[in-house]
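**Student:** sequence plus predicted model, see below.
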Amino acid sequence: METSILSGLEASKALYSSLESRISHLKDHGIVPGLAAVLVGNNPASEIYVKNKTKKFESLGLKTDVFRLEETVSEDELLSLISKLNTDSEFHGILVQLPLPKHIDSEKVLNAIIPTKDVDGFHPENAGLLSIGKPRFVPCTPKGIMFILKHFNIDLNSSLNSTNALDIASLIASACPFTPPPFTLTDKSNLSLVSVKLNG
């Protein structure tokens, strides 16, 4: 099986470049996209992840605020913050960084974000839209992988239809601030397999 090494950094530069005109268009109409990032506790990985997200937002001239809460914050207090952010017109997206402390029900918190601001795509409504092929928001890791494959002109449909097993064994996403475990995407028509590993 052939191994293809792809640069996530190269693909990300192309993506951000393509966004410039869209951002300018919105600003010309008085709209500055805003992201509210909610960070609970002091998890080092979460700190880095949120920092990278907000740094990129700022570099694009967009609005972003980090709402930091203590590890001991109650679930009700967190839900109250999300309720306020849901109605705050300055923020078009809300991101609650996981994991949350064990005493907080993560599913309840994520479901409290209104679907139109759920940029992670975790709300049941958004997951349902995705499942029927009408996505509003797509979780960032699979969407990022699909963008990288598209950037490098890798057509999964034609490749999988002509090959029983296409293995992209190592996808070097150097723009990715974390290293999730390897996972697979299965083409149901012929049970072909794509294996992707992110190294960041």
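**Tutor:** Nice, I can see it. Model, not experiment: these values are computed from the prediction.
**Student:** need the pLDDT of Ile172.
**Tutor:** pLDDT recorded at Ile172 is 36.
**Student:** quick check: phi and psi on the residue nearest in space to the middle of the chain?
**Tutor:** Central residue of the chain (C-alpha atoms, centre = their mean): Cys140, 2.3 Å from the mean position. Backbone torsions for Cys140, taken as degrees, to the nearest 10, come to phi -60, psi -40.
**Student:** just give the nearest non-adjacent residue to Thr64, would you?
**Tutor:** Closest residue in space to Thr64, ignoring its immediate chain neighbours: Phe57 at 4.0 Å, by C-beta to C-beta, 6 or more residues apart in numbering. C-beta here means a position set from N, CA and C on the backbone, and glycine is covered the same way.
**Student:** lowest average confidence, helix or strand, in this protein?
**Tutor:** strand 183-187 (a mean of 41; mean pLDDT, DSSP states H and E).
**Student:** the domain parsing of the protein - what is it?
**Tutor:** What automatic domain parsing lists as the domains of the chain is 31-131, 140-196.
**Student:** rounded mean pLDDT for the longest one, please.
**Tutor:** Model confidence over domain 31-131 averages 95 on the pLDDT scale.
**Student:** okay, how far is it across it, tip to tip?
**Tutor:** 30 Å (C-alpha to C-alpha, to the nearest Å).
**Student:** and that domain, how far out from the chain middle?
**Tutor:** 12 Å (C-alpha atoms, centre = their mean, to the nearest Å).
**Student:** now do stretch 146-154
**Tutor:** In this view, stretch 146-154 has its centroid 17 Å away from the chain centroid, taken as C-alpha atoms, centre = their mean.
**Student:** buried ones in the lengthiest helix in the chain?
**Tutor:** For the chain, the longest helix by residue count, based on DSSP state H, is helix 8-28. Neighbour-count burial for helix 8-28, counted by 16 or more other C-beta atoms under 10 Å, picks out Gly8, Ala11, Ser12, Ile23.
**Student:** same question for stretch 124-143.
**Tutor:** Those would be Asn126, Ala127, Leu129, Leu130, Arg136, Phe137, Val138, for stretch 124-143 by 16+ other C-beta under 10 Å.
**Student:** could I get those as a markdown table with distance to Lys84?
**Tutor:** Shown next, in a markdown table, are these (distance: C-beta to C-beta, whole Å):
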| residue | distance to Lys84 |
| --- | --- |
| Asn126 | 21 |
| Ala127 | 24 |
| Leu129 | 25 |
| Leu130 | 27 |
| Arg136 | 22 |
| Phe137 | 21 |
| Val138 | 26 |
